[in-house]
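Undergrad: 3D, please:
(one chain, ligands or ions: 2)
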Amino acid sequence: MDATINLDAAVRTFLANTEEHLSSYLEACVHCGQCADACHFYQASGDPRHTPAYKLFPIVKAYRRQKWPLSWLGAPKVTAADLQEWEELLFDTCTMCGRCTIICPMGIDIATIVSGARQAFAAAGLGPADLVAAAENARDHGSPLGVTPEKFKDRIEWIADEHEVDIPLDKAKADILLTISSIELMKYPDSVAAMAKLLNHAGVSWTFSTKGYEATNFGYFAGRPEIAKAATKRLVDAAEAIGAKTMVIPECGHAYGVMRWSAANMLGRKLPFQVLHISEFMAQLKREGRLKLKPVAEPITYHDPCQISRRGGCTKEARYLLDGFATDFREMTPTADQNWCCGGGGGVQAIARAAELRYKVFKIKMDQVEATGASTMISSCSNCRLTMDESKAHWKWDKGIGSLVELVADNLIEDAPATGKPTA
Ligand code: SF4
Ligand code: SF4
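TA: Residues are numbered from 1 along each chain as shown. Ligands and ions are numbered 1, 2, ... in the order given. Here you go, the predicted structure:
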């Protein structure tokens with residue numbers, strides 16, 4: 001046995017995570033195999049190990065050994081070899097997209113089980129080094145890409161200057177705390193400027209905060225609940241300090257899922273503000289008649305980020321925004337809650353060794369877009385966008401990939417010009 005693998009800690013964590021509803025999921029699987037065709041990894045590779053139910057093997061084994069009603073018959077133990085074999089399957093071949101759950105006749109939430117199982121691998125000292133490093137960077141420096149509060153401030157000042165947009169930073173009081181993904185901050189700064197433009201256009205009281213800005217949560221992906229909780233608390237504390245009524249989550253799927261659906265449980269209390277994804281915020285402005293847009297005639301399709309649409313519940317918002325604005329909007333097949341994942345969610349984007357598999361998965365999306373005849377695919381998740389941009393470069397694909405918030409901000413009919421200064 002590899003002496004560096006803490007098998008006891010893994011088994012303890014598996015068992016702790018099979019309390020309550022997860023154990024009923026593990027009991028419910030009827031081994032029908034229908035989930036295989038729902039998973040983009042299986043679709044892309046044809047490898048039977050990529051079948052969703054197969055990824056549950058180590059946690060099922062630990063459960064059967066100690067908690068199964070028939071365990072007295074003598075079920076086999078989880079071994080270090082099991083953990084070594086399944087590590088890649090649990091981290092590289094599950095984006096926690098939830099597509100298998102909507103196909104499964106028993107409604108088994110494999111994404112949540114994978115998330116719990118990853119905690120056991122982390123407790124054993126396992127997990128892809130780059131994903132673990134990103135989570136530890138978030139804990140130690142405030143962001144997975146090492147964007148410290150000082151770097152955040154510098155970058156925001158640069159974006160305000162470059163895009164001639166007013167960006168409030170560290171206002172003492174504001175109704176809205178806007179958050180960012182450091183993927184946007186470092187790779188897609190136009191998205192940060194676009195969000196600022198929109199909030200300014202709406203005339204709301206808002207600010208960024210150097211006390212809490214990073215919306216991504218790599219602790220959640222890496223199976224490190226203590227890091228996930230600390231990152232969540234940092235944002236919640238920052239919102240409470242300014243008396244925010246709303247926290248706006250940027251174009252990041254899992255950031256929305258964690259803050260909207262898990263944060264209150266993580267912290268053990270209700271959040272004293274509402275959580276809106278930026279697409280929900282824009283849809284709200286449109287409903288209130290506060291979004292004046294120039295129509296876009298280019299043929300456009302929309303990629304649903306799994307954590308915003310299928311798992312997040314915001315499938316309709318993007319379509320409501322695009323309705324009457326993108327005048328040649330084309331849906332992919334399948335779409336909306338049945339969409340195919342980009343291949344990089346659940347932290348898979350950050351795992352270098354998974355790149356070839358991501359590229360293969362992206363071919364599903366390329367075929368979908370080609371079938372629509374659209375020239376551009378937009379999305380509302382910067383992690384999807386980065387995954388898709390890298391895959392696009394790999395395949396030398398000629399279609400455009402863009403952002404919903406940028407599309408909206410670029411076509412705003414503005415009443416008054418901005419001054420291009422950070423404000424406090
Ligand atoms: S959650 Fe998504 S990636 Fe994970 S096993 Fe299910 S379909 Fe595959
Ligand atoms: S579809 Fe559901 S019941 Fe069938 S094998 Fe997959 S997880 Fe088990």
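Undergrad: what segments of the stretch 51-200 of the chain are strands?
TA: For the stretch 51-200 of the chain, applying DSSP state E, counting those that start in this stretch gives strands covering 167-168, 176-178.
Undergrad: quick check: which of these is nearest to I364?
TA: Between I364 and the strands of the stretch 51-200 of the chain, the tightest spacing by C-beta to C-beta is seen for strand 176-178, at 33.2 Å. C-beta: built from backbone N, CA, C; applies to glycine.
Undergrad: so what are the sheet partners of the closest one and their directions?
TA: Note on strand 176-178: by DSSP bridges, its sheet partners are strand 206-207 (parallel), strand 246-249 (parallel).
Undergrad: got the strands of the stretch 51-200 of the chain as a markdown table, with mean pLDDT columns?
TA: Shown next, in a markdown table, are those (pLDDT from 0 to 100):
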| stretch | mean pLDDT |
| --- | --- |
| strand 167-168 | 98 |
| strand 176-178 | 98 |
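Undergrad: can you redo the ones you listed as TSV with distance to T112?
TA: TSV is the format used below for these (distance: least, C-beta to C-beta, whole Å):
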stretch	distance to T112
strand 167-168	37
strand 176-178	28
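Undergrad: residue contacts, the residue in the stretch 251-400 of the chain that ligand 1 sits nearest to?
TA: Ranked by C-beta to the nearest ligand atom, the top residue of the stretch 251-400 of the chain for proximity to ligand 1 is C341, at 6.1 Å. C341 makes contact with H40, T95, C97, R99, C306, V361, according to C-beta atoms under 8 Å, 6 or more residues apart in numbering.
Undergrad: ok, the third one - contacts?
TA: Right, C97. Going by C-beta under 8 Å, 6+ apart, the list of residues near C97 reads H40, A111, C306, R310, R311, C341, G345, G346.
Undergrad: go again using 7 Å as the cut-off
TA: Taking C-beta atoms under 7 Å, 6 or more residues apart in numbering, we find C97 in contact with A111, C306, C341, G345.
Undergrad: so which of those is surrounded by the most neighbours?
TA: Most neighbours among the contacts of C97, by other C-beta atoms under 10 Å: C341, with 30 neighbours.
Undergrad: may I have the phi/psi pair for the residue nearest to that residue when sequence neighbours are not counted?
TA: Excluding its sequence neighbours, the residue lying closest to C341 (C-beta to C-beta, 6 or more residues apart in numbering) is C97, at 4.0 Å. In terms of degrees, to the nearest 10, the main-chain angles of C97 are phi -80, psi -20.
Undergrad: ok, the residue of the chain positioned farthest from its centre to D140 distance?
TA: No residue in the chain has its C-alpha farther from the mean C-alpha position than L73, which lies at 41.6 Å (C-alpha atoms, centre = their mean). Applying C-beta to C-beta, to the nearest Å, the value for L73 to D140 is 47 Å.
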